[in-house]
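Undergrad: all I have is the shape, not the residue letters:
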């Protein structure tokens, strides 16, 4: 399979609407399958439209997909050479760039952060040797550090072990690691707890610090640039707390940052770990950005299991056959729904309470990567890109917003995530079924109800149906499975970006807000220095906004 | 003001697209204000497009609104007699119905759950006397019960006080009370903690119960019908735990349910409180559904402050002038964005970490109420109704999905919520400003950046701008302010429902999923009784789904 990979000229990739498959798909989309029609949903379809990869199985009989559509999507994948592009990404090609303009111009090598298993090697690994070497070095440092903590070789000033770790970071330095940590509650090491502070709202740090004993707490400050406003501010705020408590921050603070960043100063930190500019924040959960906190909370072996699950899924991404490449299949179904059936949002509904913050991670991963409007050569696109991604766990979501999903005219494709077995030791039979069975029954019922709908004489009891969804299912939520899920969605997002011909790996859209925030911060600072200050002279509109809000 | 109210014939309300204002607004929407044009955003606009009500101020200069649009929206409000309809709702009219078809056919009187302040009486109160009497009775019961707990008159079997309360409920019995409790962390009574179990996923109960001492815990089971699958199951699961621990559930379990429901059985519960069929779940946070948990966690006076804030805002809803009626103003702006500018989602972004679950409540409130496709006489509508509502707190959200908000072609109106003062005692100055100032600076910067955008030579640094948003701001997040926020959004949703001519108060769209879930539950139960069972004979498609998912 892998040896047939050839090199794509990344400066000549085509826009989606210039492909032949696009015209074919447009034609197919003019008379798409109606899932609510009486014969649309036979038994054999349910069993056939199902694909399995490592750890995960995707059921997509409840998508508005036919064999013809599937063939056209395969053609789209072939024509855009999306698997070749993916292989090039793994080999370290500079995928993070805009041709002809100043851009980050970097390789995209988050895959290297889990490429450390001899039994999971592949042909492309040679080209990412330097990145894999970095991974091994950081993992070694982490293993040593965690071992020292366990052995009591590193303690607080009173010789006591550290029981708590607070990760201070925002965006990619927060959402992924937090979601993973919370999801794996049943795998937490007894005696070790992890917490997270992200928001510059001082309430966030106040709440977290209120519940812990600082003297036995490590603070892990995570910022690639070392200059993120929120993280810098929260680091100072937390450090002030330590000082007030008579504790020396440099004996409690760790950091994860880029080599050479303003934070890369070993004197300030008990230990420093590196992250690299070839890994974007939202793709960094399997790097040290997640590693330090997850290693502390789950143990080093637990973190390695996450990496193994992710690595297996990365290799699955090299399959050329859409039916065998799960992330690509999901990416293509997403494009079918977005660009051909015109749905501009995507609900991700895990039927798993443990994944209650996982959707927030996927929301960032997808929307920050693919919420773009220019192609890889800076030209405005004529078609939609990344959807709005949102969701809450089922069954809770059924009692919240499923009313709109079923009966509004707005069509919202759903991706359900589920596990055959519960993590919970505790379960109970009520009326002949246990809770896990009730949970899964609800999951299947929703996919079915959305697809088939129901006619009724009372118009308020009519369900139009024909609403697409898919189910991603695994045996159980473990570190291994969660690693697979992380990589599956990372790869899905990358595949979609390749097909949309966009750079999924930068985030220029956050820069204007930062620049304008600095101006408002300047007003606050100036007013503090000079009560007579009126920014109205230099920035009339900004000053008016402050006045209107009652802030000056 | 209030005495000019006249009665609307609710069987003759008109669809939005049949109003004169609709045609006018359509015309205005053909050349809407471009916020990114050089002169669109002058200082005087910023100061003028601002309205204040009790506790809250709405800044809407960054909406695509002009004086003409505002006048047309006022005309729409007048023509649909939306304030008269609201007044009728307060007076107990049967607003929850579909004319000509079987429907719930009930009054809508959540407003009565906070109508207990002599200094905040109004003309309409007479008509809801029975509901107000119910409120007083339940509040009295709650006050007595909380007093007995404090005085040690009610204790566990060992004579110890109760320190924890776990609310078991889902949807409206969970999201609102949970969001409010979490938001008011700084107002929690020392020594009392509240927890929530909602999901039928057994992981949810396992996690919550792991952290508490059952012997000192009250369980508050909340279900209006008394038959909600998740709640019934979790009640049994939790009770099994009590029994295993040698504790008598009837000495620890409370309930909030409808009079005459299967749960209305005083022998099973230490105390029972009533909820009424004239209050929908998603509108019930200020009823006993929220009252028991919030009274336990915040104290009775704290809960009363929430009610007072809500009541003041309910009275503001009677203002006929759009500029003075904050919830109506927001409702109309929402309709402008949804029906005339074509935006099908709404992001709600609180710049307040404490409100991190409040959006989940608003998501239910809005989407379950207004995700409808037929009017109040059962006719299919020709226009869009409730948007997709989603969001995460700022500044976190800036580092997650704001990339798409700023640079994608998909336009997403934003409602920002903010507070001038932090709740946190702890704050620190870093580079001449404190965290709260940085938080507010970011808020204003985002509204400004979304509106004005920025041109650039590098296409990847271009921000098209012209993206609408508004800011709802209050002094500080207190029980009083939170009561105002709850009622503001409840009233906004009701106003929009009146204008869309829909029944915002039922949720028939959840019924099909329930019915189909019962079928799948039946398969699981049958298989448990008879390993040879194959549902393929009775339900081929359902059985195939179970097989495809690897569940049989």
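TA: Sure thing, it's come through. Computed from a predicted structure; not experimentally measured.
Undergrad: and the strands in the stretch 1-150 of chain A?
TA: Using DSSP state E, counting those that start in this stretch, the strands of the stretch 1-150 of chain A run over residues A:50-52, A:57-59.
Undergrad: against which helices or strands is the last one packed?
TA: Packing contacts for strand A:57-59, counted by 3 or more CB pairs under 8 Å, 6 or more residues apart in numbering or on different chains; DSSP states H and E, involve strand A:50-52, helix A:326-335, strand A:469-474. (Each C-beta comes from the backbone N, C-alpha and C, glycine too.)
Undergrad: residue contacts, residue A:276?
TA: When the contact criterion is CB atoms under 8 Å, 6 or more residues apart in numbering or on different chains, the partners of residue A:276 are A:109, A:131, A:134, A:258, A:259, A:287.
Undergrad: around chain B, which positions in the stretch 51-200 of chain A sit nearby?
TA: Taking CB under 8 Å from any CB of the partner chain, the part of the stretch 51-200 of chain A that reaches chain B is made up of A:57, A:59, A:61, A:98, A:101-103, A:170-172, A:174-175, A:185, A:198-200.
Undergrad: how about 10 Å then?
TA: If contacts are counted using CB under 10 Å from any CB of the partner chain, the residues of the stretch 51-200 of chain A sitting beside chain B are A:52, A:57, A:59-62, A:97-98, A:100-104, A:169-175, A:182-183, A:185-186, A:197-200.
Undergrad: in the stretch 51-200 of chain A, what residue lies closest to chain B?
TA: In the stretch 51-200 of chain A, no residue comes nearer to chain B than residue A:171, which is 2.9 Å away by CB to the nearest CB.
Undergrad: how close does the residue lying closest to that residue once chain neighbours are set aside get to residue A:281?
TA: Ranked by CB to CB, 6 or more residues apart in numbering or on different chains and with sequence neighbours excluded, the top spatial neighbour of residue A:171 is residue B:399, at 2.9 Å. Taking CB to CB, to the nearest Å as the criterion, residue B:399 is separated from residue A:281 by 8 Å.
Undergrad: repeat that for residue A:502.
TA: Taking CB to CB as the measure, residue A:502 falls 18 Å from residue A:281.
Undergrad: next: residue A:47.
TA: Summarising the geometry, the distance separating residue A:47 from residue A:281, computed by CB to CB, is 40 Å.
Undergrad: ok, those two, which is more surrounded?
TA: Neighbours of residue A:47 and residue A:281, each counted by other CB atoms under 10 Å in any protein chain shown, are more numerous for residue A:281; the result is 27 against 14.
Undergrad: looking at the strands of the stretch 1-150 of chain A, which is buried most?
TA: When the strands of the stretch 1-150 of chain A are scored by mean count of other CB atoms under 10 Å in any protein chain shown, the highest mean neighbour count falls to strand A:57-59 (a mean of 22).
Undergrad: sheet-wise, list the partners of it with their directions.
TA: Here strand A:57-59 is paired, per DSSP bridges, with strand A:50-52 (antiparallel), strand A:469-474 (antiparallel).
Undergrad: quick check: end-to-end length of stretch A:464-471?
TA: 21 Å (CA to CA, to the nearest Å).
Undergrad: related to what we said a few turns ago, what's the farthest-apart pair in the contacts of residue A:276?
TA: Comparing every pair within those by CB to CB identifies A:109 and A:259 as the most remote, at 14.9 Å.
Undergrad: who's more crowded, those two?
TA: In terms of neighbours (other CB under 10 Å), residue A:109 is the more surrounded of residue A:109 and residue A:259; the figures are 29 against 11.
Undergrad: ok, the more buried one touching residue A:135?
TA: Yes. Contact criterion CB atoms under 10 Å: residue A:109 and residue A:135 qualify, at 9.3 Å.
Undergrad: now for these two: what residues contact both?
TA: By the contact definition CB atoms under 10 Å, 6 or more residues apart in numbering or on different chains, residue A:109 and residue A:135 are jointly contacted by A:115, A:128, A:276, A:279, A:287.
Undergrad: returning to that earlier point: okay if I get the strands of the stretch 1-150 of chain A as JSON lines plus mean pLDDT?
TA: Converted to JSON lines, those look like this (pLDDT from 0 to 100):
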{"stretch": "strand A:50-52", "mean pLDDT": "98"}
{"stretch": "strand A:57-59", "mean pLDDT": "98"}
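Undergrad: low-scoring stretches of chain A, by residue?
TA: Counting by pLDDT under 70, chain A has low-confidence residues at A:1-5, A:425-426.
Undergrad: got the buried residues for stretch A:539-547?
TA: Along stretch A:539-547, these residues count as buried under the neighbour rule (16 or more other CB atoms under 10 Å in any protein chain shown): A:539, A:541, A:542, A:543, A:544, A:545, A:546, A:547.
Undergrad: domains in chain A, by residue range?
TA: If you go by automatic domain parsing, the domain ranges for chain A are A:2-86+A:318-422+A:472-504, A:124-308, A:511-548.
Undergrad: go through those and name the closest to residue B:235.
TA: domain A:2-86+A:318-422+A:472-504 (15.2 Å).
Undergrad: chain center to that closest one, what's the gap?
TA: 14 Å (CA atoms, centre = their mean, to the nearest Å).
Undergrad: ok, now which ones touch the closest residue to residue A:455 other than its chain neighbours?
TA: When the adjacent residues along the chain are set aside, residue A:455 lies closest to residue A:462, with 6.3 Å between them (CB to CB, 6+ apart). For residue A:462, the residues meeting the contact criterion (CB under 10 Å, 6+ apart) are A:406-407, A:453-456, B:373-374, B:378, B:380, B:508-509, B:512.
Undergrad: now with 8 Å, please.
TA: Under the contact definition (CB under 8 Å, 6+ apart), the residues listed for residue A:462 are A:407, A:453, A:454, A:455, A:456, B:374.
Undergrad: beta partners for the last one?
TA: Spelled out, that is residue B:374. Once the bridges are assigned, which here means DSSP bridges, residue B:374 pairs with residue B:380.
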